[in-house]
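Visitor: coordinates only, sequence not included:
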């Protein structure tokens, strides 16, 4: 009788569960995506199927299956499953789980899987509370995080855990999930007759690889379609369920750093298409436009430099325009500058010169300014020989004259080696001629 009532209660729970919960895989073979973890011979798959789980951290974007995999680890190894969320749990909750896990192990010889969602939100003291249970094997800790664990999780905990990286699902993966949900008895087979192929493609491509978001949107679209009396879900219902394209972006997390990195490397790599894509991603996600403008200004000198000096002026002009008009209109100016810099010839000679200059200064700590270069704008300067012997370049042919400008300790060093692209190629030719006339070392 108790089993019958338990089954009835489970049926009632399933009846009110959202589609994403009802479609949660029951075995590793049912999981969609994450082939690098689940394929034959992969470390994660081998460990779980052998029934020998270890404490681990699952790192990946939302909706990629972290909770599902944690549950399957417990199921596959016949372990008890305990779940805490770092947004609401504290040290007291952790100690309670450790105590119950200890009793379970001593009385039933059964292990406990503790799934800690958003482990990156635990502070150091809270994370340290987990260490005894992990070290002693009382629990198998599975921490889930969307943030880089090397930044957010304590080193002692990382060193005692195996890190597994989860990737966003592909549109094909999401398409498979949609097909399963539309035909499954616990899915939408009794709700709606099907889904239009175009609507299926739209949904699969617009959820950013997030399975949970895809299933939630599909369920909403099915309700809308059924309410309208249509036989199949159409693109119109998908559009209403999603409202807008989802841009996955956390201004303080990995996406902030990864996307700005992709943007800078795209501009540096002379790929205006990729530069525009990543820039628009940041704009739509609400990134601070002043941050973008600052990066463009830095990039204009760091990666374009003297190959096209106009790049710096244009980047500064875009920042000024942003201050004047703000978004959304200033998106034109940010794209203007990004496209110009991406299409411009590239030179990193400014940065190389900076590094060489810094090295030279560090290696000549006692260097002093030659007397003829010192300031002579005060009474008595001549008696100190300040400025004596200085040769005014404009009094000589071509505006140049042979003269020492570096301190004695740094003489002979070549710090600036011009690039050979864009306008800097002309600078290189000009300096080569000047160096020959003044008998300076070649810049090679």
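Guide: Structure received. No experiment lies behind these values; they were computed from the predicted model shown. Numbering: from 1, shown residues only.

Visitor: tally of neighbours for residue 155?
Guide: Counted with other CB atoms under 10 Å, the neighbours of residue 155 add up to 8. Just so you know, the C-beta spots here come from the backbone N, C-alpha and C atoms, and that holds for glycine as well.

Visitor: Over to residue 150?
Guide: Counted with other CB under 10 Å, residues neighbouring residue 150 total 10.

Visitor: Mind telling me what element it is part of?
Guide: Following DSSP states H and E, one finds residue 150 within helix 149-152.

Visitor: Show the average pLDDT along the helix or strand following that helix.
Guide: Using DSSP H and E, the helix or strand that follows helix 149-152 towards the C-terminus is helix 155-159. Mean pLDDT, helix 155-159: 88.

Visitor: Same check on stretch 345-353?
Guide: Mean per-residue pLDDT for stretch 345-353: 91.

Visitor: From the rest of the structure, what touches that stretch?
Guide: The contact list for stretch 345-353 (CB atoms under 8 Å, 6 or more residues apart in numbering) reads 268, 270, 301-308, 415-419, 421-424.

Visitor: Now, of these, which are buried?
Guide: Buried members of the contacts of stretch 345-353, counted by 16 or more other CB atoms under 10 Å: 268, 301-308, 415-416, 418-419, 421-424.

Visitor: and the helix holding residue 150, which residues are buried?
Guide: For helix 149-152, the neighbour count (16+ other CB under 10 Å) marks 149, 152 as buried.

Visitor: Tell me the confidence at the residue lying farthest from the centre of the chain?
Guide: Going by CA atoms, centre = their mean, the residue of the chain most distant from its centre is residue 383, 62.2 Å out. Note on residue 383: pLDDT of 77.

Visitor: Ramachandran angles for it?
Guide: For residue 383, the backbone dihedrals (degrees, to the nearest 10) come out as phi -70, psi -20.

Visitor: Tell me the spacing between it and residue 433.
Guide: For residue 383, the distance to residue 433 (CB to CB, to the nearest Å) stands at 39 Å.

Visitor: could you say what helices and strands the helix or strand hosting residue 164 packs with?
Guide: Assigned by DSSP H and E, residue 164 belongs to strand 162-165. The helices and strands touching strand 162-165, judged by 3 or more CB pairs under 8 Å, 6 or more residues apart in numbering; DSSP states H and E, are helix 43-49, strand 56-59.

Visitor: just to revisit the earlier point, keep only those of the contacts of stretch 345-353 that are in helices.
Guide: Mapping those onto helices (DSSP state H) picks out 268, 423, 424.

Visitor: For residue 342, state which of these is nearest.
Guide: Of all the ones in helices among the contacts of stretch 345-353, residue 268 has the smallest distance to residue 342: 8.4 Å, by CB to CB.

Visitor: Verify the contact between the closest one and residue 296 for me.
Guide: No. Using CB atoms under 8 Å, residue 268 is not in contact with residue 296, being 11.7 Å away.

Visitor: related to what we said a few turns ago, following the chain onward from the strand holding residue 164, which element is next?
Guide: Strand 162-165 is succeeded, C-terminally, by helix 171-183 (DSSP H and E).

Visitor: Mind checking the pLDDT average for the helix or strand following that next one?
Guide: Next along the chain after helix 171-183, taking DSSP H and E as the criterion, comes helix 197-206. For helix 197-206, mean pLDDT rounds to 91.

Visitor: hey, where'd the helices end up in the stretch 301-444 of the chain?
Guide: Shown for the stretch 301-444 of the chain, the helices assigned by DSSP state H, counting those that start in this stretch span residues 310-325, 331-343, 349-363, 423-438.

Visitor: coming back round to it: quick one: the helices and strands packed on strand 162-165 as TSV, columns for mean pLDDT too.
Guide: Shown next, in TSV, are those (pLDDT from 0 to 100):
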stretch	mean pLDDT
helix 43-49	90
strand 56-59	92
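
Visitor: of all these, which gets the most neighbours per residue?
Guide: Of all those, strand 56-59 has the most neighbours on average by mean count of other CB atoms under 10 Å, namely a mean of 24.

Visitor: Paired strands for that strand, with orientation please.
Guide: Sheet pairing for strand 56-59, assigned by DSSP bridges, gives strand 139-145 (parallel), strand 162-165 (parallel).

Visitor: Just put these in TSV and tack on mean pLDDT and mean neighbour count.
Guide: Listed next are the strands paired with strand 56-59 as TSV, based on pLDDT from 0 to 100; neighbours: other CB atoms under 10 Å:
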stretch	mean pLDDT	mean neighbour count
strand 139-145	91	26
strand 162-165	92	15
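
Visitor: Turn the ones you listed into CSV, including distance to residue 336.
Guide: Shown next, in CSV, are the strands paired with strand 56-59 (distance: least, CB to CB, whole Å):
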stretch, distance to residue 336
strand 139-145, 38
strand 162-165, 37
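
Visitor: For residue 227, which of those strands is the nearest?
Guide: Comparison of those against residue 227 by CB to CB identifies strand 139-145 as nearest, at 35.4 Å.

Visitor: sorry, back to before: pick the one among the ones in helices among the contacts of stretch 345-353 closest to residue 27.
Guide: Of all the ones in helices among the contacts of stretch 345-353, residue 27 sits closest to residue 268, with 45.8 Å by CB to CB.

Visitor: ok, now which ones touch the nearest residue to the closest one once chain neighbours are set aside?
Guide: Leaving out its chain neighbours, the residue that sits closest to residue 268 by CB to CB, 6 or more residues apart in numbering is residue 303, at 4.6 Å. By CB under 8 Å, 6+ apart, the residues touching residue 303 are 264, 267, 268, 341, 346, 347, 348.

Visitor: Look at the closest residue to residue 263 other than its chain neighbours and tell me its secondary structure.
Guide: Distances taken as CB to CB, 6+ apart place residue 278 nearest to residue 263, at 3.8 Å, with adjacent residues excluded. Applying DSSP: H, G, I helix; E, B strand; the rest coil to residue 278 yields a three-state assignment of helix.

Visitor: Quick check, residue 278 in contact with residue 259.
Guide: Yes. In terms of CB under 8 Å, residue 278 counts as a neighbour of residue 259; the distance is 5.6 Å.

Visitor: Could you report the neighbour count for residue 38?
Guide: Neighbours of residue 38 using other CB under 10 Å come to 19.

Visitor: Next up, the contacts around it.
Guide: By CB under 8 Å, 6+ apart, the contact list for residue 38 reads 28, 31, 44, 45.

Visitor: nearest to residue 196, of those?
Guide: Residue 196 has its nearest neighbour among the contacts of residue 38 in residue 31, at 26.8 Å by CB to CB.

Visitor: any idea what sits nearest the closest one, other than its immediate chain neighbours?
Guide: Closest residue to residue 31 apart from its sequence neighbours, by CB to CB, 6+ apart: residue 25 at 4.8 Å.

Visitor: ok, now residue 260?
Guide: Closest residue to residue 260 apart from its sequence neighbours, by CB to CB, 6+ apart: residue 295 at 6.3 Å.
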